[in-house]
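Peer 1: here are the coordinates; sequence isn't available:
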């Protein structure tokens, strides 16, 4: 596999996010990097892909030139690019929870390494909470973990207010894809007065990379926000398919439904749009196929990911 996929983040005070955005844009485009980087006053977050040399260059640039020296960084691999273009966006938050006065730089839960995670979550007195969204949880989760049934991370504080305030004296272990959502969620719980709060360092991705298969307590596959859809143990590629109309992950039943049309629609979105929308989707899909036959990548072959 020739493409390296790098997921990264760091909470750090950024005085001039716009200046950093422009600096990153220029560098990323100069080396042909693809993916998305989010920049805010609280730090940086994103996933990018490229060849080995390209990924080594962006990592060095972030650490040495942009001074992200505590960068949380992990790699996985793919056979081809998992993004179609490079975007560097300014945001209010690098992971949106929407709660004021939460600062992971100052206070978060206790980090637990992948090698120590199993012992913590198998303790019957530990409440294990998945801070991801429902569609991610459905593809895979740690055994006996709680699904908050959120559709976006902004709904997580309401889940806490409705279900966790009576558990302030309990041991709570949280996890997410790469660790960043747990930085915010554990900081939020500490702000509310919770004391025994832990989270998986590096998230599910670091766990699947480092924990031996016979010790693996993660059941299913891990949803990722790129063209791979999900990765398995050892960060191996999976064979999930998605709808390019609405980005939903498709089951075998979905793929065999009369409402499924490759590149156009699926049972999840077939009743959401009119014929004009689907005709545009058909034309886009036709151009994608033609581009692939010519050995090039069609920029339109990408829609916004769930956040």
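Peer 2: Cool, got the structure. Not measured: the values here are computed from a predicted model.

Peer 1: now residue 218. Its backbone dihedrals?
Peer 2: Per-residue torsions, residue 218: phi -90, psi 120 (degrees, to the nearest 10).

Peer 1: so in terms of bridging, what pairs with it?
Peer 2: Using DSSP bridges, the beta-bridge partners of residue 218 come out as residue 142.

Peer 1: how close does it sit to residue 180?
Peer 2: Distance from residue 218 to residue 180, counting by Cβ to Cβ, to the nearest Å: 18 Å. Any C-beta I mention is one placed from the backbone N, CA and C, and that applies to glycine too.

Peer 1: now do the helices in the stretch 51-200 of the chain.
Peer 2: For the stretch 51-200 of the chain, applying DSSP state H, counting those that start in this stretch gives helices covering 52-60, 114-121, 134-137, 156-163, 180-191.

Peer 1: tell me the mean pLDDT for the shortest one?
Peer 2: Same thing as helix 134-137. Helix 134-137 comes out with an average pLDDT of 94.

Peer 1: residues in contact with it: which ones?
Peer 2: Contacts to helix 134-137, defined as Cβ atoms under 8 Å, 6 or more residues apart in numbering, come from residues 130, 147, 149-151, 177, 222-223, 248-249, 306.

Peer 1: try it again with 10 Å
Peer 2: The contact list for helix 134-137 (Cβ atoms under 10 Å, 6 or more residues apart in numbering) reads 130-131, 145-152, 155, 176-177, 204, 220, 222-225, 230, 247-249, 306.

Peer 1: just the buried residues of those.
Peer 2: Neighbour counting over the contacts of helix 134-137 (16 or more other Cβ atoms under 10 Å) leaves 130-131, 145-146, 148, 150, 176-177, 204, 222-225, 230, 247, 249 as the buried ones.

Peer 1: thinking again about what came up before, out of residue 218 and residue 180, which sits in the busier spot?
Peer 2: residue 180 (23 against 19; other Cβ atoms under 10 Å).

Peer 1: now do the contacts for the more buried one.
Peer 2: 7-11, 43, 45, 72, 94-95, 104, 131, 153, 203.

Peer 1: can you list the buried residues in stretch 267-278?
Peer 2: 267-270, 278.

Peer 1: can you give the domain ranges for this structure?
Peer 2: 3-90, 110-222, 248-293 (automatic domain parsing).

Peer 1: can you say which of the ones you listed is nearest to residue 235?
Peer 2: Residue 235 lies closest to domain 3-90 among the domains of the chain, at 4.1 Å (Cβ to Cβ).

Peer 1: what's the end-to-end length of that closest one?
Peer 2: 26 Å (Cα to Cα, to the nearest Å).

Peer 1: quick one: mean pLDDT over that domain.
Peer 2: For domain 3-90, the per-residue pLDDT averages 97.

Peer 1: ok, stretch 203-213 next?
Peer 2: The pLDDT scores in stretch 203-213 average 97.

Peer 1: renumber starting at 367 from here on
Peer 2: Right, with 367 as the first residue, what we last looked at is stretch 569-579.

Peer 1: rewinding a little: so which of the buried residues of stretch 633-644 are in strands?
Peer 2: Among the buried residues of stretch 633-644, no residue falls in strands (DSSP state E).

Peer 1: out of those residues, the closest to residue 534 would be?
Peer 2: Taking Cβ to Cβ as the measure, residue 534 sits nearest to residue 634 out of these, at 38.4 Å.

Peer 1: strands along the stretch 517-666 of the chain, start to end?
Peer 2: 537-541, 563-566, 584-586, 588-589, 596-597, 607-608, 615-616 (DSSP state E, counting those that start in this stretch).

Peer 1: tell me what the fifth one is packed against?
Peer 2: Using 3 or more Cβ pairs under 10 Å, 6 or more residues apart in numbering; DSSP states H and E as the contact criterion, the neighbours of strand 596-597 among helices and strands are strand 438-444, helix 569-576, strand 588-589.

Peer 1: quick one: those as CSV, columns for distance to residue 487 too.
Peer 2: CSV is the format used below for the helices and strands packed on strand 596-597 (distance: least, Cβ to Cβ, whole Å):
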stretch, distance to residue 487
strand 438-444, 20
helix 569-576, 11
strand 588-589, 16
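
Peer 1: give me whichever of these is most buried.
Peer 2: strand 588-589 (a mean of 24; mean count of other Cβ atoms under 10 Å).

Peer 1: what's it in contact with?
Peer 2: Strand 588-589 is contacted by residues 442, 498-499, 501-507, 543-544, 569-571, 573-574, 595-599, 601, 604, 606, 615, 672 when judged by Cβ under 10 Å, 6+ apart.
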